[in-house]
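Q: I need the structure of the sequence given here:
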Amino acid sequence: MSNEDWIKAGIDLLQAIISGVFIGLVIYWLDERRAKRARRLSDYRIASNWNTTESNVSLRYFDLTKANLSGHKFIKANMEGVILFNAVLWATNFSEANLRRADFRKAMLVGVRFKKATVYDADFSWATITKTGDSDQKDLLDFSDAIFKGAKFIGTELSGIAMVEANLRNADFSKAIVRDCDFTGADLTGSNWRKAKRVENCVWKSVKIDSAENFLPYVWEEIQSQNASE
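A: The predicted structure is shown next:
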């Protein structure tokens, strides 16, 4: 064979190898997508029936991305590391549940409950957490005595929530909008409110705080004003 023939044969071989690798990668990618969809469907079926099963199986690390779990009860459920990214959660009850490192990013949480839940290091970034539109003004969402230590509320909208005696140590409220919330007795030590977008009409009685540097000036002044008589 001439040099030109060898070069052509080498190029053809290289093209065949590249084509084979590309096809293999595409097949692998499609298989992974199918497996992921199948897992999500399985996780959703188990989660949506969780409250009616006798065993109340663990939901740790379940992938419930974009799931609609409105009205479901996960009281005392083990949901550590669960993915609820972009999920729809209307009147969902997470009271006393284990939600360590849960992913609630961009989720819609309306009329939910987290009473006495363990939610530390969870991520609520860019989520919406609010009461239902027909709720009474005094009927706040019950997040009392919950542990949100280290939770991220970056860009989150929080409205009408009772975080009475909640643990919010080192929680991050950067870019958050916080309205009509009751933080009575909450531990805000180390929490970051310096870059919150808006904070208004909240109750700050008997909160645990450490430094003015962690708060917007007007929020710090309001905290001091509400606790001046203590």
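
Q: what's the residue most central in space within the chain in contact with, if anything?
A: The centroid of the chain falls nearest to Phe104 when counting by CA atoms, centre = their mean (2.1 Å). The contact partners of Phe104, taken as CB atoms under 8 Å, 6 or more residues apart in numbering, are Leu84, Phe85, Ala87, Ala122, Asp123, Phe124, Ala127. (Each C-beta comes from the backbone N, C-alpha and C, glycine too.)

Q: just put the residues you listed in TSV and tack on secondary structure, distance to Leu109 and neighbour count.
A: Converted to TSV, the contacts of Phe104 look like this (DSSP: H, G, I helix; E, B strand; the rest coil; distance: CB to CB, whole Å; neighbours: other CB atoms under 10 Å):
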residue	secondary structure	distance to Leu109	neighbour count
Leu84	coil	9	30
Phe85	coil	12	18
Ala87	coil	8	23
Ala122	coil	12	29
Asp123	strand	13	21
Phe124	coil	8	28
Ala127	coil	6	27
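
Q: now, which of these sits nearest Trp220?
A: Phe124 (23.1 Å; CB to CB).

Q: mind listing the strands for this protein?
A: For the chain, applying DSSP state E gives strands covering 88-90, 108-110, 128-130, 141-142, 157-159, 161-162, 177-179, 198-200.

Q: least reliable of those by average pLDDT, please.
A: In terms of mean pLDDT, the lowest-scoring of the strands of the chain is strand 141-142 (a mean of 93).

Q: any weak-confidence spans in the protein?
A: By pLDDT under 70, the low-scoring segments of the chain are 1-16, 19-38, 54-55, 133-138, 229-230.

Q: okay, domains of it per the record?
A: Following automatic domain parsing, one gets these domains for the chain: 1-48, 57-230.

Q: let's have the contacts of Phe104 in TSV, adding distance to Met163.
A: TSV is the format used below for those (distance: CB to CB, whole Å):
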residue	distance to Met163
Leu84	20
Phe85	23
Ala87	21
Ala122	14
Asp123	17
Phe124	13
Ala127	15
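
Q: ok, these vs Ser159, which is closest?
A: Once CB to CB is applied, the member of the contacts of Phe104 that ends up nearest Ser159 is Ala127, at 11.7 Å.

Q: so who does that closest one touch?
A: Contacts of Ala127 (CB under 8 Å, 6+ apart): Phe104, Arg105, Lys106, Ala107, Met108, Leu109, Thr156, Glu157.

Q: repeat for Thr92
A: Per CB under 8 Å, 6+ apart, neighbours of Thr92: Leu69, Ser70, Gly71, His72, Lys73, Phe74, Leu109, Val112, Arg113.

Q: swap the cut-off to 6 Å and go again
A: Leu69, His72, Val112 (CB atoms under 6 Å, 6 or more residues apart in numbering).

Q: where helices are concerned, which of the residues you listed count?
A: Members of those lying in helices (criterion: DSSP state H): none.

Q: so which of these is surrounded by the most neighbours?
A: Of all the contacts of Thr92, Val112 has the most neighbours under the rule other CB atoms under 10 Å, reaching 24 neighbours.

Q: in space, what's closest to that residue - neighbours in sequence excluded?
A: In this structure, Val112 finds its nearest non-sequential neighbour in Thr92, 5.0 Å apart by CB to CB, 6 or more residues apart in numbering.
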